[in-house]
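Q: Structure for the following, please:
(2 chains)
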Protein chains: 2
Amino acid sequence: MQVAILGCGQLARMLALAGMPLGMRFSFLAENNEDTSAVAGLGLVVPMSDSDRAEDLYEALGRPQVITVEREQCDVTRLQQFIQFCPVHPATDAFYRCQNRWREKQLLVDTAVSHTPCLPVRSRAELDAAVSQFGYPLVIKHTEQGYDGKAQWRLHNAGDADGFAGQAQWESEPTDRVMYLAEPRMAFQREVSFLAVRSIQGEVRFYPPTENVHESGVLLHSVAPAMALPANVLEEARQGLARLMEHLNYVGVMAMECFVSGDQWWVNELAPRVHNSGHWTLQAGLASQFENHLRAIAGWPLGSTQLNGAAGMLNLLGIELDQKTQLEDGASLNWYNKSVRPGRKVGHMVLQDADTDNVRERLLRLKQRIYGQD
Amino acid sequence: MQVAILGCGQLARMLALAGMPLGMRFSFLAENNEDTSAVAGLGLVVPMSDSDRAEDLYEALGRPQVITVEREQCDVTRLQQFIQFCPVHPATDAFYRCQNRWREKQLLVDTAVSHTPCLPVRSRAELDAAVSQFGYPLVIKHTEQGYDGKAQWRLHNAGDADGFAGQAQWESEPTDRVMYLAEPRMAFQREVSFLAVRSIQGEVRFYPPTENVHESGVLLHSVAPAMALPANVLEEARQGLARLMEHLNYVGVMAMECFVSGDQWWVNELAPRVHNSGHWTLQAGLASQFENHLRAIAGWPLGSTQLNGAAGMLNLLGIELDQKTQLEDGASLNWYNKSVRPGRKVGHMVLQDADTDNVRERLLRLKQRIYGQD
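A: Okay, here's the model as predicted:
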């Protein structure tokens, strides 16, 4: 089976490496001169320019039986043009909804899934309304830009609000287009992500919830399974994710990042794709998120999502490759074949152990070994 | 790190797929017009002819930092020529010893490792001596040809012995060269293989012993861990394997196939490479035999060899690819990208479960699903 992936980053790389043993072959569609080093040697890379016809791209990709996508920021109109040639999974609507934070919020409203409250900010007046509703600190997010904590502003007082208003790109006329949204700063205790895979037939399987630690807005490490969640949170979150996937007629892996505080929980963000918080699934002896995404979009039976024991993942952010040090203590390494720049995600490591306490302890030691003592 | 592999079959393929996440790049040396489809797309394939200079081949392979081998039947003289350019692991002597059954037996004698008794058969007189020593049934094996049960003869009576003697290629003069050897047919209960990895520093790690079922001389399925072995067997076998590896100054993964009967055991065959009976390590959440072989030859720390729960492996012999059926029941698939011919190893499947009883039961169902009811 020939599979084409839109995007040439590490997620495309790990999808391809997981799919080859399943008898798949891959090709990759590169957008906007993107760096393709992560998929070098794993299949044909086809550069896409605005003038290319979908038919020609489809031919150049080797007439794939299915097309999938490694990132939510993609050209949905472009993607839709391929549907006449072969299935595109997940559904293009999932990308349309998730690539804009405001539309994503509306999707969560439509499916009655708990989420952080928010208000649109299209003008100074709406900014003031958000301040009066949520108070400070107030979090402003660009609806279409930014990931890993970029294109976000934290307003602690009226001065910050004036500062943001002064640099914001307001539309000159009232508009439906929401470029910024405002959220209260949530007083949450934990960040937990839920990962599920849905087959073409509508079967949904959940991976164990994963506990995430972000630093400066970037995922640094994860542990699965997450510490015991109140039964209502686990149940509601899983039902919510299943509802979202069904609503979108979603096929493949989807991630739902949540804030949890006691028995309350709110979706912070959706990712219509395999997700960094699920990278531990690669080494923990079940079907990885990459394998299950591919099984789903190919119409094949899903693999196991059940973890025995516990797993921990540490991202390598701007860290040079040094297997001699990195592979100590039974750690697994996944290197993305990208050039190293400060803070850039260039790989990740996975530890496995009998329980989460052991994993946490070893993860801490690993983090110190990789990032130093600070 | 650039790694070159001599050989282009499924073992080379699985090594490459395991090494890419570790930051390795691969090239492959193809012998005698061998089929290279299993490694297509995974790195440069360099054909080797007798007239090629080692230096030119080394350059063509991209100046690898280390060279390894996927099969014992390789040109050892050829291999030794590369040592002036980069390390070759495992040591070429391991191939020299193991590619001839008589030399392999002498190696087992030298290291005092229990093995099936045998006698050289260089003449009709030596054949008769073997019959009188071991009786019928007598097993004759070509010392340099044959694997998976080929180039072997089972003699049940004097007529069989005459038949074999009539077609045997005896040397016309007495010689030290042993072309055939004779073994008694061992009355063993179980076939168990031991798999270990040895680092450049001499650290040895053992995978759990694996129980194998052969049909018509070909490995059909394996279960790990093997049913409880008498303590002396486990201990002696592991010590024997460690002794062999040390004696050879071996770096990488080595397999030792044994017959076991009660508390007696005998080495049947050695394999100086990753081995079919260790394929289950790919999906069971530890460092696979492929990953550990690469870690060892690169001089990196070894990964875990400890299995939680149990795993079963079924070879796909002459079976067409059909993921929809094959991936049912949580099975993992590893397809080698080779064309299908009757009886040819074209892939394998792995099951995991909490214990070996469950694995055995599911393996039986899987075997029936794949091979039919017979």
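Q: what's the following helix or strand after the one helix or strand A:T68 maps to?
A: Assigned by DSSP states H and E, A:T68 falls within strand A:66-69. Using DSSP H and E, the helix or strand that directly follows strand A:66-69 along the chain is helix A:76-81.
Q: that older thread, output the strand holding A:T68 in PDB, but only the C-alpha positions, please.
A: Presented in PDB, the C-alpha positions along strand A:66-69 are these (Å, rounded to 0.1, in the frame of the first residue of the first chain):
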ATOM      1  CA  VAL A  66      -4.600   7.100   1.100                       C
ATOM      2  CA  ILE A  67      -3.300  10.500   2.000                       C
ATOM      3  CA  THR A  68      -2.700  11.700   5.600                       C
ATOM      4  CA  VAL A  69      -1.300  14.700   7.300                       C
END
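Q: How about that strand and chain B, any contact?
A: No. Judged by Cβ under 8 Å from any Cβ of the partner chain, strand A:66-69 stays clear of chain B, getting no closer than 12.7 Å. Heads up, the C-betas are built off the backbone N, CA and C, glycines and all.
Q: same question, stretch A:34-47
A: Yes. Applying Cβ under 8 Å from any Cβ, one finds stretch A:34-47 in contact with chain B at A:G41, A:L42, A:G43.
Q: Of those, which is the most crowded?
A: Of the residues of stretch A:34-47 next to chain B, A:L42 is surrounded by the most neighbours, 25 neighbours in total, counting by other Cβ atoms under 10 Å in any protein chain shown.
Q: surely that one meets A:L17?
A: Yes. Counting by Cβ atoms under 8 Å, A:L42 does reach A:L17; the two are 7.2 Å apart.
Q: just to revisit the earlier point, mind listing residues that contact the strand holding A:T68?
A: Where contact means Cβ atoms under 8 Å, 6 or more residues apart in numbering or on different chains, the residues beyond strand A:66-69 that reach it are A:1, A:3-7, A:15, A:29, A:61, A:79, A:82, A:86-90, A:95, A:252, A:272-273, A:293-294, A:297-298.
Q: Can you point out the buried residues in that strand?
A: For strand A:66-69, burial by neighbour count (16 or more other Cβ atoms under 10 Å in any protein chain shown) applies to A:V66, A:I67, A:T68, A:V69.
Q: Distance of the last one relative to chain B?
A: This means A:V69. Look at A:V69 and chain B: by Cβ to the nearest Cβ, to the nearest Å, they are 21 Å apart.
Q: try the third one
A: Distance of A:T68 to chain B, given as Cβ to the nearest Cβ: 16 Å.
Q: What pLDDT does the model give that residue?
A: Looking at A:T68, its pLDDT is 98.
Q: Name the residues linked to it by a beta bridge.
A: Note on A:T68: beta-bridge partners by DSSP bridges are A:I5.
Q: so of the contacts of strand A:66-69, which ones are in strands?
A: A:V3, A:A4, A:I5, A:L6, A:L29, A:G252 (DSSP state E).
Q: ok, so of these, who is nearest chain B?
A: Distance to chain B across the ones in strands among the contacts of strand A:66-69 (Cβ to the nearest Cβ) is lowest for A:V3, with 12.2 Å.
Q: before we move on, back to that, reformat the buried residues of strand A:66-69 as CSV; add distance to A:V192.
A: Listed next are those as CSV, based on distance: Cβ to Cβ, whole Å:
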residue, distance to A:V192
A:V66, 31
A:I67, 31
A:T68, 26
A:V69, 25
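Q: which residues in the stretch 201-350 of chain A form helices?
A: A:231-247, A:289-298, A:323-326 (DSSP state H, counting those that start in this stretch).
Q: With respect to chain B, which of these lies nearest?
A: Across the helices of the stretch 201-350 of chain A, chain B has its closest neighbour in helix A:323-326 (4.6 Å, Cβ to the nearest Cβ).
Q: about what we covered before: name the stretch among the helices of the stretch 201-350 of chain A that sits most buried.
A: Most buried of the helices of the stretch 201-350 of chain A, by mean neighbour count (mean count of other Cβ atoms under 10 Å in any protein chain shown): helix A:289-298, with a mean of 28.
Q: And that helix, what does it pack against?
A: strand A:2-6, helix A:10-19, strand A:66-69, strand A:190-198, strand A:252-261 (3 or more Cβ pairs under 8 Å, 6 or more residues apart in numbering or on different chains; DSSP states H and E).
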